[in-house]
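In: Structure for this input, please:
(chains A, B, C and D)
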Amino acid sequence: MADAPPIGLSRELIALRAARELEPGSVVNLGIGLPTLVAGFVDSADGIMFQAENGILGYAGVSESDFDSDLINAGGQPVDLVPGASFFDTAESFAMIRGGHIDAAVLGGLQVSARGDLANWYVPARGGGSVGGAMDLAVGARKLIVAMAHVTRDGEPRIVESCEYPLTAGRCVDVIITDLAVIDVRVDGLVLRETAPGISAEQVARWTGAPLQIPDVVPEMAL
Amino acid sequence: MADAPPIGLSRELIALRAARELEPGSVVNLGIGLPTLVAGFVDSADGIMFQAENGILGYAGVSESDFDSDLINAGGQPVDLVPGASFFDTAESFAMIRGGHIDAAVLGGLQVSARGDLANWYVPARGGGSVGGAMDLAVGARKLIVAMAHVTRDGEPRIVESCEYPLTAGRCVDVIITDLAVIDVRVDGLVLRETAPGISAEQVARWTGAPLQIPDVVPEMAL
Amino acid sequence: MPAQRFDSPDDAVADIRDGATVLVGGFVSAGTPSNLIMALKRSGRTGLTAVANNIGLGDLLDELCEHRQLDRVIGTFAIRASGARTSRFEAQYRAGEAALELVPQGTLIERLRAGGAGLGGVLTKTGLGTMMAEGKQVLELDGEQWLLERPLRGDAALLKAWRADTLGNLQYRLAGKNFNPVMATAADLVIAEVEEIVEAGEIPPELVGTPAVYVDRIVQCEPIPVRWEG
Amino acid sequence: MPAQRFDSPDDAVADIRDGATVLVGGFVSAGTPSNLIMALKRSGRTGLTAVANNIGLGDLLDELCEHRQLDRVIGTFAIRASGARTSRFEAQYRAGEAALELVPQGTLIERLRAGGAGLGGVLTKTGLGTMMAEGKQVLELDGEQWLLERPLRGDAALLKAWRADTLGNLQYRLAGKNFNPVMATAADLVIAEVEEIVEAGEIPPELVGTPAVYVDRIVQCEPIPVRWEG
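Out: Purely as a prediction, here's the structure:
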C-alpha cells in the first residue's frame, strides 16, 4: 500500500455525523474520546438523553462553567444537566446498560470485523488495557455505533475480515461511522451506506480490509 | 399426653423477653405476628434500629397516629420513624438481609429442631403458604431468635428432634424464646438457659420434643 | 422516549393481552397501583399471570379473581397459615382454578432484578435444603452450595409512585418504593399511576427513584386507599 | 452500631493491615476518598490490593505506588491505550512489580454487589468470547451462554460522601455515588470521609444513599480537589 489514504472528515465531523444517527427521544451512552464530542452536535429539541455510566441520565454535554468534581461524565469532564436528569449508583447504571435499556451507544474502535465484532480496549503492544464500560455497552446497547478513523496512522484498515486485537464483544456493531464513510453491518456483511464529501465508493472499498457491498446508489453524507 | 401443658408467659411477655435479647445499637428485623410486638418493649435509649423488609431502616414501632398507606412495616401496620431512618427498595432491603448486615431477626415458628432447623412458613394441612422474607432472614440474619408458643394448641411440642413441617432453613436458629423457657441452640444440642416464672426445668423438658440439656443452675427469666 | 401520558387508567392498560404476565408493584398498602389493578379488572382480560409480593392482604389484586382473570400468581404472601380472612384467590387455588408459585421475597426481587439487568440468574443460599429448591439446579463453587434461580420478566408492569415528571421520571414517598423500581426495569411495557404529574426538572435529580428511561406510560389518579386489617 | 467518629483520616485507617484488600470508592474525581487514600499512603502499609474503578486518571490512588504499597489493582481503567500521561502504577505493572486484574465496569460492580448481598456470583454476557472469559466457568441455561463471575469483597472500604449523620447514614451529591454505595456493603470495615457530619435525622430518609447499617467509621475532611486532565 504505497498510496496514502484520502483525507476525510475531521473528528468533529465524524461526531456530527454520528449525532445525526441518533433517534429523537432516545437514550444514548457516549464512549470516551471522539464519541464524547457527539453530545455537542445534537439538537436539544430532539430530547436525546445522554447516559454516563458513572451515574447520570440526562447530561447535556461538556460544561463550559466551573468544574464540579462530583458532576462529570465517564471521561471525567464536567457536564451540564438537562431538566429531568437523574443520578444513580454504578450498579443501577449497569443494570440500565446490560438490561437493554440504552437505545444506542457510540463507542470508539480499534478494529471492527466484517461480522460486527468490535476490538476497542486493548492494544497488544501496550498491554494492560483499560476496559471501562465498553464490554458492557457493546453487549447491552440496543444499537451500537462505532465512530473511528477509517485507517490507522500507518494506513492499515481498521475494518477487517477478522479482528486481530482482543475483542470487546462479538457481533455487536450495527453501524460504523468513519472519516470516509457510513457502513452498515448486516447479517450478510458490510454494506456501504454513505460516503464522505469528495470520497468515492471505490476509495472506501480500497481502504476497507473486508468485503464491502456497494449499492448502485451511494449518497454523500449530509453534514 | 393426657396432662395439660402449664400456663406460661403471655404473647406480650414472650415479646418482652425477646426484646431483652437484643443488643444495644443493633439492627433487628421483626417477623409478622408475635415478633412485631417486640418493638414495643425496647428502650429507645438502646438505639436499636428496626429494619422492615419492605424498605425501612429505623422504625420505632407501631404508630398510634394516622394511618399512612406508604409508611408501614412488613406486617402492613403503620409505623413511626426514629431520627436517622432511611428508605430503600426491596432489592436493597434483601441485599442488607442476605448479605449478613442484620444483627438479629426475631421470627415466629411452627417447629424448631434440635439442630436449629426452622419451619415457620407452611402448614401442610392448609397448603399454599406464605413465605415472605422468612427464608431470607433465616439464612441472612447473624442471630436468629425464634419467639413462639412452646406447644401447639393440641399440646404437641413445637421443639422437636426433626421438623415434620417443610423447612424455612436448616441449622439457622440460635435462640428459642417461648412461654415456658429460653433455650439456646448449640452445636451439641439444645440447652435450657432460663425458665418462665413458676415453670420448672422438668416441666420445660416434659413439653420439649427433643433432648434438652439442663445446667445445674437455671435462672428464672427477669421480666 | 418520553413517557406517554394517559388520561385514564383504563386507557393505559387497554392493550395488555389475555395471557399476559403482569408485574404488580407495591407491598400491601404501600406503593400499590390500585387504580391500574382495577382498570385491569374492568378490561376483562383473562389467563393472566400476576407477579406481586402479595394477594389478598388488603391489596386489590384479589379483585382480579372475582371474574377469574388470574391463572397464576407468582408471589410471597398468598395463603395465610392462620386461615383468617381467606381470599378469592385462595378459594380458586384450592379449587385448582388458579396456580401459585411461592417465592422467597429476596429471591423474587433478585429474579426480577436479573430479568431487568440482563443477568442470567441468581445464586443464593435462600431456599437451599427446602421445598423451594425442588427441581432447581444447585451449583457447588469453591466448596459452597448455591441455589440457581432464574430471571423473571413481565409483559407489562403496573407501578405506583407519588409523582412523575413529563419525561417519566418517578419519585416515591416513604416506603412506597419496595418492588416498584426493580419491576420498572423488568417488563416490556411499564405503566405508572401517580398522584401528580409535574414538569421535567421539578423532581430533583437526587430524588428520582425510577429514571425516565424505564417508564412508558404515566397516568394521574386519585389513590384508592387500601389497608391490611390483619 | 452507630458509626464511630474519627478526628483524622490517619486514625480512621490506622488498623488496615499489610496485605489487606481495600475497596476504594469514586469515579475519577467524583466521590473519591482522597483524604483516606493519602492517609493510607502515610500509614506505610504494603502488599495492598486496591479495588477501584481507576488508577492514575487524576485520582490520588497512584500515590500509593510512590512507595510501592500496592501489590495488585482490580479495576477497569489502569493502562491507557494512548500511552499519554503514564502513571507510577503503569511503570510498576510493566516492571512486574504490581499486578493488574482488569474487569469490565458492570462486572466489577456486580461482583462487589454479590459480595455485599450474600450472592454466590454473577451470570453475565459481558466478556463472553473475550479474554475476560479465560479460565472462567460458562453456564449454558436454556440454550443461552452466561459467564460466571465470582463475588468480590474487601477487608476495608474507603468511601467519600457529601454528608454523614452521627449514626453513619451517608448522603451523596450529584454523581458522587458511583461505586460508593455498593462498596459500603462489601467490606468488613467501612470508612467514609465526608464534608460535614450532622445530627441523626438531619438527612431526610429519602436522601440517604448508604444506610447507617453499613458504615463503621466516619471522618470529616476538607475535600482534596482532583481532576482528570485527559
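In: From the contact counts, what lies against the longest helix seen in chain C?
Out: Secondary structure of chain C per DSSP state H: the longest helix is helix C:105-117. For helix C:105-117, the packing partners by 3 or more C-beta pairs under 8 Å, 6 or more residues apart in numbering or on different chains; DSSP states H and E come out as helix A:90-98, helix B:90-98, helix B:134-140, strand C:122-124, strand C:144-149, helix C:180-183. The way it works is simple: take the backbone N, C-alpha and C, and place the C-beta from them, glycine included.
In: one more time with 7 Å, if that's ok
Out: Packed against helix C:105-117 by the contact rule (3 or more C-beta pairs under 7 Å, 6 or more residues apart in numbering or on different chains; DSSP states H and E) you find helix A:90-98, helix B:90-98, strand C:122-124, strand C:144-149, helix C:180-183.
In: quick check: mean pLDDT across it?
Out: Per-residue pLDDT values across helix C:105-117 average out to 98.
In: Which residues does it contact?
Out: A:95, A:98-99, B:53, B:90-91, B:94, B:97-98, B:132-133, B:136, C:53, C:76, C:121-122, C:124, C:126-127, C:149-153, C:179, C:182-183, C:185-186 (C-beta atoms under 7 Å, 6 or more residues apart in numbering or on different chains).
In: quick one: that helix to helix B:90-98, angle?
Out: Per axes from the mean of the first three to the mean of the last three C-alpha atoms, to 10 degrees, the angle that helix C:105-117 makes with helix B:90-98 is 130 degrees.
In: what angle sits between helix C:105-117 and strand C:144-149?
Out: Relative orientation of helix C:105-117 and strand C:144-149, computed by the same axes, to 10 degrees: 60 degrees.
In: Show residues contacting the lengthiest strand in chain A.
Out: Secondary structure of chain A per DSSP state E: the longest strand is strand A:79-87. Under the contact criterion C-beta under 7 Å, 6+ apart, strand A:79-87 has outside partners A:55-63, A:71-73, C:165, C:167, C:169, C:200-201, C:205-206, C:208, C:211-212, D:174-175, D:177.
In: just to revisit the earlier point, any of the contacts of helix C:105-117 buried? List them.
Out: Buried members of the contacts of helix C:105-117, scored by 16 or more other C-beta atoms under 10 Å in any protein chain shown, are A:95, A:98-99, B:53, B:90-91, B:94, B:97-98, B:132-133, B:136, C:53, C:76, C:121-122, C:124, C:126-127, C:149, C:151-153, C:179, C:182-183, C:185-186.
In: what kind of secondary structure is residue C:92 in?
Out: Going by DSSP: H, G, I helix; E, B strand; the rest coil, the secondary structure assigned to residue C:92 is helix.
In: And for it, the neighbour number?
Out: Residues lying near residue C:92 (other C-beta atoms under 10 Å in any protein chain shown) number 19.
In: so what's it up against?
Out: By C-beta under 7 Å, 6+ apart, the contact list for residue C:92 reads C:65, C:68, C:98.
In: and the residue of chain C nearest chain B?
Out: Relative to chain B, the nearest point of chain C is residue C:79 (2.8 Å; C-beta to the nearest C-beta).
In: out of the contacts of residue C:92, which are buried?
Out: For the contacts of residue C:92, a neighbour count by 16+ other C-beta under 10 Å gives the buried set as C:65, C:98.
In: From the chain's centroid, how far away is the lowest-mean-pLDDT helix or strand in chain A?
Out: The helix or strand of chain A with the poorest confidence is strand A:56-62; it has a mean of 93 (mean pLDDT, DSSP states H and E). Relative to the chain's own centre, strand A:56-62 is displaced by 17 Å; criterion: C-alpha atoms, centre = their mean, to the nearest Å.
In: Please enumerate the strands of chain A.
Out: Going by DSSP E, chain A shows strands at A:27-30, A:49-52, A:56-62, A:79-87, A:104-107, A:111-113, A:118-119, A:143-147, A:159-160, A:175-177, A:181-186, A:189-195, A:212-213.
In: Paired strands for the fourth one, with orientation please.
Out: Its sheet considered, strand A:79-87 pairs with strand A:56-62 (antiparallel) by DSSP bridges.
In: Quick one: residues in contact with the partner strand.
Out: For strand A:56-62, using C-beta under 7 Å, 6+ apart, the contacting residues are A:39-40, A:49-52, A:73, A:77-82, A:84-87, C:211, C:213, D:175.
In: where does chain A come near chain C, residue by residue?
Out: Residues of chain A found near chain C (C-beta under 7 Å from any C-beta of the partner chain) are A:25, A:27, A:47, A:49, A:57, A:81, A:83-88, A:95-96, A:98-101, A:140.
In: Show me which of those are buried.
Out: A:27, A:47, A:49, A:57, A:81, A:84-88, A:95-96, A:98-99, A:101, A:140.
In: ok, residue A:115 touching residue A:173?
Out: No. The criterion here is C-beta atoms under 7 Å, and residue A:115 misses it with residue A:173 at 8.9 Å.
In: The two: which has the busier surroundings?
Out: The neighbour comparison of residue A:115 against residue A:173 (other C-beta under 10 Å) goes to residue A:173, with 27 against 19.
In: quick one: contacts for the more buried one?
Out: Contacts of residue A:173 by C-beta under 7 Å, 6+ apart are A:112, A:116, A:118, A:144, A:146, A:185.
In: Closest one of those residues to chain B?
Out: Closest to chain B, out of all of the contacts of residue A:173 and judged by C-beta to the nearest C-beta, is residue A:144, at 27.8 Å.
In: Please name the bridge partners of the closest one.
Out: With DSSP bridges as the rule, residue A:144 is bridged to residue A:105.
In: what about it, how many neighbours?
Out: So residue A:144, with other C-beta under 10 Å, has 27 neighbours.
In: pLDDT below threshold where in the chain?
Out: As the question left the chain open, I've gone with chain A. A:1-2 (pLDDT under 70).
In: hmm, I had chain C in mind actually
Out: C:230.
In: how about the helices of it, start to end?
Out: C:9-13, C:34-43, C:88-94, C:105-117, C:180-183.
In: For chain A, what's the nearest residue on chain C?
Out: Counting by C-beta to the nearest C-beta, chain C gets nearest chain A through residue C:201, at 3.0 Å.
In: wait, what's in contact with the residue of chain A found nearest chain D?
Out: Residue nearest to chain D within chain A: residue A:128 (2.9 Å; C-beta to the nearest C-beta). Residue A:128 sits next to D:78, D:79, D:93, D:100 when contact means C-beta under 7 Å, 6+ apart.
In: Tally up the residues packed near the second one, please.
Out: Which is residue D:79. Counted with other C-beta under 10 Å, residues neighbouring residue D:79 total 22.
In: Leaving out chain neighbours, which residue sits closest to residue C:157?
Out: residue C:187 (3.6 Å; C-beta to C-beta, 6 or more residues apart in numbering or on different chains).
In: Near the one you found, how many other residues are there?
Out: Around residue C:187 there are 25 residues (other C-beta under 10 Å).
In: now swap in residue A:211 and tell me
Out: For residue A:211, using other C-beta under 10 Å, the count is 10.
In: next one: residue C:22
Out: 28.
In: Check residue A:46 too.
Out: 12.
In: repeat for residue C:155
Out: 16.
In: mind checking how far the residue nearest to it when sequence neighbours are not counted is from residue D:159?
Out: Once flanking residues are discounted, residue C:155 sits nearest to residue C:20: 4.2 Å by C-beta to C-beta, 6+ apart. As judged by C-beta to C-beta, to the nearest Å, residue C:20 and residue D:159 stand 43 Å apart.
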